[in-house]
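turn this into a model:
(one chain, ligands or ions: 1)
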Amino acid sequence: MKQSRNGKWTQDNLDRLEQKMGQKSREVIQRMMLRTEDGQNPYDLDFSGREALAERLGKEVAAMLLDENLQYDLMAEVVQEASSWKCPRCGQDCPSHRDEHGNDAYEDAEIKTKVGKTPVKLRLFWCGKCRKVFSPLPTAH
Ligand SMILES: [Zn+2]
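Numbering: from 1, shown residues only. Here you go, the predicted model:
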């Protein structure tokens with residue numbers, strides 16, 4: 001059983017994430033920085049309005065980054081292809097939990113971060129000793 005991470009973060013993933021974050025930032029930068037010829041902000045934002053926009057952008061970018069990072073962890077080959085996982089409670093090697101068709105079981109869940117909630121699909125394992133289902137992502141259960 002491997003616990004080290006060997007999932008792949010491709011250039012395409014990186015480009016897509018950068019593009020998404022860049023687009024979000026550009027919209028906000030434009031709203032904050034744009035000035036008409038007489039120096040007015042066309043969106044009529046005073047400083048506290050611009051401050052709120054900047055703060056929200058920070059949170060949105062952080063949420064995007066955390067979301068991507070969590071999906072990446074969950075989709076890592078070591079998680080997806082593992083035939084067993086060590087139980088976080090008792091340390092025993094546990095088999096994949098099975099759904100009613102005998103396939104690897106997954107659970108839809110939400111992971112709460114400091115900036116929001118990320119919907120995830122968690123692969124599940126079953127510990128017969130603890131009689132509990134668990135996911136390799138320790139913060140998820
Ligand atoms: Zn256990």
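
how does this protein divide up, domain by domain?
Using automatic domain parsing, the domain parsing of the chain gives 10-75, 78-141.

out of the ones you listed, which one sits most buried?
domain 78-141 (a mean of 15; mean count of other CB atoms under 10 Å). C-beta coordinates here come from the backbone N, C-alpha and C atoms, glycine included.

which residue ranges of the chain form helices?
Here the chain has its helices, by DSSP state H, at 11-33, 47-75, 77-80.

wait, which of these is closest to residue 87?
Among the helices of the chain, helix 77-80 comes nearest to residue 87, with 14.9 Å by CB to CB.

quick check: mean pLDDT across that closest one?
Across helix 77-80, pLDDT averages out at 77.

quick one: contacts for residue 92?
Shown in contact with residue 92 (CB atoms under 8 Å, 6 or more residues apart in numbering): 86, 127, 128, 129, 130.

among the residues you listed, which are in strands?
86, 127 (DSSP state E).

need the contacts of residue 92 in JSON lines with distance to the ion and pLDDT, can you?
Output for those, formatted as JSON lines (distance: CB to the ion, whole Å; pLDDT from 0 to 100):
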{"residue": "86", "distance to the ion": "9", "pLDDT": "94"}
{"residue": "127", "distance to the ion": "3", "pLDDT": "97"}
{"residue": "128", "distance to the ion": "8", "pLDDT": "96"}
{"residue": "129", "distance to the ion": "5", "pLDDT": "97"}
{"residue": "130", "distance to the ion": "3", "pLDDT": "97"}
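
pull the most distant pair out of the contacts of residue 92.
Checking the contacts of residue 92 with CB to CB, the most distant pair is 86 and 128, at 13.5 Å.

which residues are in contact with each of the two?
Common neighbours of residue 86 and residue 128, counting by CB under 8 Å, 6+ apart, are 92, 94.
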